[in-house]
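In: Prediction below, plus the sequence it came from.
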Amino acid sequence: MKYKTHMIITLARPSLHLSLLYYLLGLTILLLPLSVNSDTQTKIEAKSTKPPLTAVHEYVLDNGLKVLVKQDKRAPIAVMYIWYKVGSSYEQEGLTGVSHVLEHMMFKGTEKHPTGEFNRILAENGAQDNAFTSQDYTAYYEVIASDRLEVAMELEADRMRGVLLPPEEFKKELEVVKEERRWRTEDKPTSMTYEQFQANAFINSPYRTPVIGWMTDLDNMTVKDARAWYKKWYTPNNATLVVAGDVEPEAIHQMVQKHFASIKKTVLPELKVQKEVKQIGLRSIQVKVPAKVPYLIMGYKSPNLLTAKEKWEPYALEVLASVLDGGSSARLVKELVRKQEIATSVSASHSGYGRLPDLFTFSGIPAKNSSVSNLRKAIEVEIDKLKTQLVSNEELSRVKAQTIASEVYERDSIKHQASVMGFLESVGLGHRLMDEYVDNIAAITAQQIQAVAKKYLIEDGLTVAELIPQAIDPQKVHKPAPALRH
Amino acid sequence: MKIINLYLLLALVFFTQFASAAPKIQHWTTDDGLAVYYVEVPQLPMLDMRIVFSAGSVRDNQQAGLAMLTSSMLDEGAGGLSVDELAHKFESVGANFSAGSARDMAWITLRTLTLQQPQEVAVDTWLKVLSDVNWPEKNFQRLKKQVLHGLEAEKQSPSAIANKAFFKHLYGEHPYASPSNGNEASIKAITIEQLKAFHQQYYVKQNAMLAIVGAVSKEEAEVLAKRVAASLATGKKAADIPAVKPLEKAKTLHIPYPSKQAHIMIGQVGNKRGDKDYFTLYTGNHIFGGGGFTSRLMKEVRDARGLSYSVYSYFSPMQALGPFILGLQTKLSQTDEAVQVSNQLLKDFQNKGITEAELIAAKKDITGSFPLGVASNADIVQYLGMIGFYNLPLDYLDAFTKKIEMLSVADINKALADRIQSDKLLTVIVGGEAKATDGSEQKREKAQSKTKADPKPEATADKD
């Protein structure tokens, strides 16, 4: 399962492993802020005619905490995730970024475990831990030797309600988050372009704001804001706990009871719907920042699985994305990069697994002798082909073979398996969606792909952003380009 | 092509556990001279193969980018199949194929299902890439344009600029100084004949090792290894690479850039694979800047002062002395403070060493988390590549935690005192306006083209 979530922010230092080839081909790194693509998925409970191979044990505590346990004994390790249903799409204007700031503050101490203790105890037990925030959820995880899992569980239970949020720690951590924003977004031309693109593609959907928040909102954020946010959303009845690995489900059940059952459930705030107003014509913006290489993003309004009337449509858009960009034999790289040499890199993806409707997105870097407008035309030619000609059996067969192989490959990582379960649960789709995933993908026909191309890849639902490189002049350090918002 | 049946595949999944935390490695050499490293993992119906050649950019020999271009041409067509056909062959059976290179090494990988038909197609196609590259001139010209465009893109990344300058000034005349992705002049000058010659010399079985991980028996692995060996040309092992000379005095380089942050790299030459100080430096660095949230750098630079989101240090052991790097980013007005704090921490680290309490905590962290790093087939095949390429002992993984457990504070402090040279550091700062104090060095930097981020030069090699 390919689920895409915009801009997941991790708390820790970023990974240093960047592959040379990826960099050269311009794909992964330049587009990283666009979507963190977690190829997902494991099939656990097959349908009644197909006996389950390993089951997901699922239960809900009296206080509303949902618990999912999956046994995988390949290695003597366990992974635990706790997912809170809160993220940037829950935030109001003026308070953007508060979910992510709170995520940072969750490491800053409780009454029981003062500042610094959380990290010290986990390190002492050889755990790897981190956290991330997206539009729809905030998640925390620990990977740990399975016989030490309870150490991590005690800490997670403690910080569900017990975080103190000391003002002096908040002040320092807010500066860290601002540095993160500079590093993640402001010094990266493609990230700046993406942020502006997203803010223009949506008018009233909360998907318009960046997960990390606008700088002006960070400047004005107070510890009171973070405390109120914490109190409101961090409760057992707004959380999902996922445990996977070399564990016994019954023992986990008892452990969860012991540490979480005493936490009281609360009344959650009512969440307003905020349905995006219908787009009624092309939107187009320019972003002018110091840069060397132009960049194009095109996003078409598209349905998400949760709210789609026709449930097959998001799957058809996903298969369509794979026809265009599901490997080195897919259409975009074959046609635009290799044959026509219009693009140095180009990609397509559909975000259909969010809480709210999102976009089908194209992005790319035009080749040196080409231009953003040529690239856009070439992408539109590919879209027209999808509307007028049926996708070949060979392409469909390739996408399906890749989907099935990925199902197996993804079982190589228990962390990945646990994360899919938690994420599906948190956006409201439910982890059982995994069981149907391959069948749903395999059921998509060439006619359905044509139908969604005609219905959704239309100019009236399109937002286009173009990065127009400005001279890289060190003397202009303190003068933000006029196109910036802050 | 027949669609693979998922339910059939899942029937092949077994959730039994490894007997011990570290995988059991088997090693042999084929009759015709290819070194093989194999781990059987029967639980998932999949196979990973990785072949590693001593054919990284350290072999570029004044033609910066030669190794990288050679590697990048491998998927542009082979065995008479065009680039499109080759990609389709792999992808139609759900196989993943890739080729890459870094400073020391070049590698070609394959991941496939072990069902008969997909595995046969994937392996047959992979062998074509090993034995019979097409070298189409037209594709080569396009690839050069892509690489040149990549070099352009690097100029808008302050971190990439810093990285390139760091390697250049740290390594001086040594081939590690040269960027793996070349520079504009070198890329333009390289010809396809040079690629073929490079390939002929270095992509040979005597200069290679093969890692096999997955649901194949020893007998099957032996057959696979024979077929791989037979696909490779015969030649010679590559010559040793020159020794690295450490910097003789401290050096600071400021490169003006209109960024919000200063991107700071401080460092020196570090250690190599199989180094006598490998475990002491690894553990010492874990305490200093490698251990995530609990490291000294993280606690002081981020937690106590709020100066940076990301702050870290690492040794990147390579065939010759790889770099030791301390990196962070901070808003421009805090540049001096950040550099000063980092330098002081490093100085104390060298001169005062670590404490007993720190060592106890580090041992628990490193040994406790070790199983997490060898849990997947993807992890294991990477480790095999590293062990085979650098000729590390076969019990490297088994012995790893024991070696860490045995270390004393005195062992580590001696290694730090010997190997860290806090008075001879290279400091590279990218960001901010030109200053009066910027030397001629900096002007030269500006005039030249800068490129790519290669922060961990040996993606395969530095796993720990």
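Out: Sure thing, it's come through.
In: Quick one: residues contacting A:Asn119.
Out: A:Asn119 makes contact with A:107, A:129, B:292-294 under the criterion CB atoms under 8 Å, 6 or more residues apart in numbering or on different chains. Every residue, glycine included, has its C-beta placed from N, CA and C.
In: Buried residues of stretch B:172-179, list them for me.
Out: By neighbour count on 16 or more other CB atoms under 10 Å in any protein chain shown, the buried set for stretch B:172-179 is B:174-179.
In: okay, the contacts of A:Asn119 in CSV with pLDDT next?
Out: Putting these into CSV (pLDDT from 0 to 100) gives the following:
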residue, pLDDT
A:Phe107, 96
A:Asp129, 93
B:Gly292, 83
B:Phe293, 88
B:Thr294, 92
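In: In chain B, what residue comes closest to chain A?
Out: B:Gly368 (1.7 Å; CB to the nearest CB).
In: Hmm, A:Ala127 and that residue touching each other?
Out: Yes: under the criterion of CB atoms under 8 Å, B:Gly368 makes contact with A:Ala127 at 7.3 Å.
In: out of those two, which sits in the more crowded spot?
Out: A:Ala127 (27 against 20; other CB atoms under 10 Å in any protein chain shown).
In: separation between the more buried one and A:Ala145?
Out: 8 Å (CB to CB, to the nearest Å).
In: any residues in contact with both of those two?
Out: B:Gly368.
In: Just the pLDDT at residue 125, thanks.
Out: Since no chain was named, I'll use chain A. For A:Asn125, the pLDDT comes out at 94.
In: looking at chain B here, not the other one
Out: For B:Thr125, the predicted pLDDT is 98.
In: any low-confidence regions in the chain?
Out: As the question left the chain open, I've gone with chain A. A:1-54, A:477-486 (pLDDT under 70).
In: um, chain B though
Out: In chain B, residues with pLDDT under 70: B:1-21, B:436-464.
In: Next, A:Ala261: phi, psi?
Out: In terms of degrees, to the nearest 10, the main-chain angles of A:Ala261 are phi -60, psi -30.
In: any idea how far A:Tyr59 is from it?
Out: Taken as CB to CB, the span from A:Ala261 to A:Tyr59 is 12 Å.
In: Show me what from the stretch 101-250 of chain A comes close to chain B.
Out: Within reach of chain B by CB under 8 Å from any CB of the partner chain, the stretch 101-250 of chain A has these residues: A:107, A:116, A:119-120, A:123-129, A:143-145, A:148, A:171-180, A:182-184, A:186-189, A:246.
In: that's a helix at B:Lys138, yeah?
Out: Yes: using DSSP: H, G, I helix; E, B strand; the rest coil, the assignment for B:Lys138 is a helix.
In: can you pull the contacts of the residue of chain A found nearest chain B?
Out: Proximity of chain A to chain B (CB to the nearest CB) peaks at A:Gly126, 1.7 Å away. Contacts for A:Gly126 (CB under 8 Å, 6+ apart) come out as A:144-145, A:148, B:364-370, B:372.
In: which residue packs closest to it, ignoring adjacent ones?
Out: B:Gly368 (1.7 Å; CB to CB, 6 or more residues apart in numbering or on different chains).
In: if we can go back for a sec, please list the members of the residues of the stretch 101-250 of chain A next to chain B that lie in helices.
Out: Residues of these located in helices (DSSP state H): A:119-120, A:123-124, A:171-180, A:189.
In: biggest separation within those residues, which pair?
Out: Within those, A:Glu124 and A:Pro189 form the most distant pair, 41.8 Å apart (CB to CB).
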